[in-house]
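[1] next come a sequence and a model predicted from it.
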Amino acid sequence: MRASVIDSMARHSACIGLNPDALAIADALDKERKDKGVRGPLHGIPVLIKDNIDTADKMMTTAGSLALWGSRPSKDSTSRKSCGKPALSSRKNKSQRMGQHSFRPLHQRLERPRRPDQEPVCAGPQPVRFEFRLGRRVSANLCAAAIGTETDGSIVCLRRVTVGGIKPTVGLVSRTGIIPISHTQDGAGPMCRTVATPRSSLAPSRASTSRTWPPPTVVSIPTRLPAIPESGWAARRAHRRGAKDVRFNEKVDKVLEDALDTMKSKVRSSSIPLQSKPLANSGDSEFTVLLYELKADLNAYLARLGPNAPVKTLKDIIDFNERNREKEMPYSARTHL
Amino acid sequence: MKAQEKGPLTTQEYLDALAKNHQLARKEGIDATMDKNNLTR
């Protein structure tokens, strides 16, 4: 079955890199499962991994940047190690291109294909986040789960592609070995077809240690995520729009009402509805923090790659991008670096 | 270029912006919402 999954991935050009050792790893893990038992819920499950999460194997980790072409980290990211290395045969999907795009003019984004025979995907007028691409593969049942990263909403907005995703509290999952943007905002999290599955995916990936970046102050780390039923997504969507105002047709309304009832029975009633005050004027300070941390965190990440890293500093990446403007930035201007 | 121009994480501009983020997201954000809804922290 895994072979057919991998074939499907390749046939549909659904990811930018396949681990050539995936099947051999899977066979070894199956054998271990039989001989020694199951390591955890993800033992032997193929997972799609975003291209900014280090994998110490034959795949590159580039964050979609030509400046990091050929970068093969010598160590797994902590996230992948704890969640995946022994359990997963991994593939990679496109990631954010390293910093040369602004968050805001999302409509300008075009994704550069890695291979010449792949067409770039035009984002068009709608925002395209790279987790959407991961999410669509999950939604199409090409993989059981994907691990993405979020700085500013990439994972949690996946309801658009009917995928359940969790962005863990910042600091719950280690960012060591993940190409960073901002250590006070970045986080890696699972995306699956239901909400129940990412809960089980998240559990093994927990690791609060961060070797490279200062761990943020986390007031409390939940020991258990609330049990939101699968139907909870529909209810949540309805809740966000005001359940009373949402009327589709009899059958859909019934599903939504049932889902709301289920949520109310599972979650303390006082927490529904929850409305937090909009964070007025947070944009400026958030962006200032992001810029400072991008420089510090990216330089720390590149230093961790060691002497064979194709670039050593943020300055090197900027210089590379300038020298390769035609290839690296054909569609949009750099605004972040 | 914007990020490259920034100084170290000890720069006062960074520390002030970070403090503002925490004030808005924690004290006036999650904490206030939790208190308002009588939820346990």
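    Yes, it's here.
[2] check residue 33 and give its pLDDT.
    The chain I'm using is chain A. At A:Arg33, the model reports a pLDDT of 88.
[3] was after chain B, sorry
    We have a pLDDT of 76 for B:Thr33.
[4] what about the helix or strand containing it, distance to the chain center?
    Secondary-structure assignment from DSSP states H and E places B:Thr33 in helix B:32-36. On the basis of Cα atoms, centre = their mean, to the nearest Å, helix B:32-36 sits 17 Å off its chain's mean C-alpha point.
[5] likewise stretch B:3-18?
    The answer for stretch B:3-18 is 13 Å, by Cα atoms, centre = their mean.
[6] circling back to that earlier point, can I get the helix holding B:Thr33 as CSV, trimmed to CA atoms?
    C-alpha atoms of helix B:32-36 as CSV (Å, rounded to 0.1, in the frame of the first residue of the first chain):
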residue,chain,number,x,y,z
ALA,B,32,-8.3,38.8,29.8
THR,B,33,-10.5,36.3,27.8
MET,B,34,-9.9,33.5,30.3
ASP,B,35,-10.8,35.8,33.2
LYS,B,36,-13.9,37.2,31.5
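[7] let me know the secondary structure of A:Met191.
    The three-state assignment at A:Met191 reads strand, by DSSP: H, G, I helix; E, B strand; the rest coil.
[8] verify the stated contact: it with A:Ala144.
    No: assessed by Cβ atoms under 8 Å, A:Met191 is found out of contact with A:Ala144, at 10.4 Å. (Glycine included, C-beta is placed from N, CA and C.)
[9] now do the strands in the stretch 1-150 of chain A.
    For the stretch 1-150 of chain A, the strands defined by DSSP state E, counting those that start in this stretch occupy A:17-18, A:47-50, A:90-93, A:110-111, A:121-122, A:145-150.
[10] any low-confidence regions in the chain?
    Chain wasn't specified; assuming chain A. Where chain A drops to pLDDT under 70, the residues are A:1-6, A:8-13, A:78-131, A:157-162, A:195-253, A:255-256, A:260, A:263-264, A:266-283, A:329-337.
[11] switch to chain B, please.
    By pLDDT under 70, the weakly predicted segments of chain B are B:1, B:38-41.
[12] which bits of it sit near chain A?
    B:1-4, B:6-9, B:11, B:13-14, B:16-18, B:20-21, B:24-26, B:28-30, B:32-33, B:37-39, B:41 (Cβ under 8 Å from any Cβ of the partner chain).
[13] PyMOL command for the buried members of those?
    To isolate the buried members of those in PyMOL, using 16 or more other Cβ atoms under 10 Å in any protein chain shown:
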select buried, chain B and resi 2+3+4+6+9+14+17+18+20+21+24+25+28+29
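[14] inside helices: which ones of the residues of chain B next to chain A?
    Judged by DSSP state H, the subset of the residues of chain B next to chain A located in helices is B:1-4, B:13-14, B:16-18, B:20-21, B:32-33.
[15] what is the nearest of those residues to A:Val311?
    B:Gln4 (13.1 Å; Cβ to Cβ).
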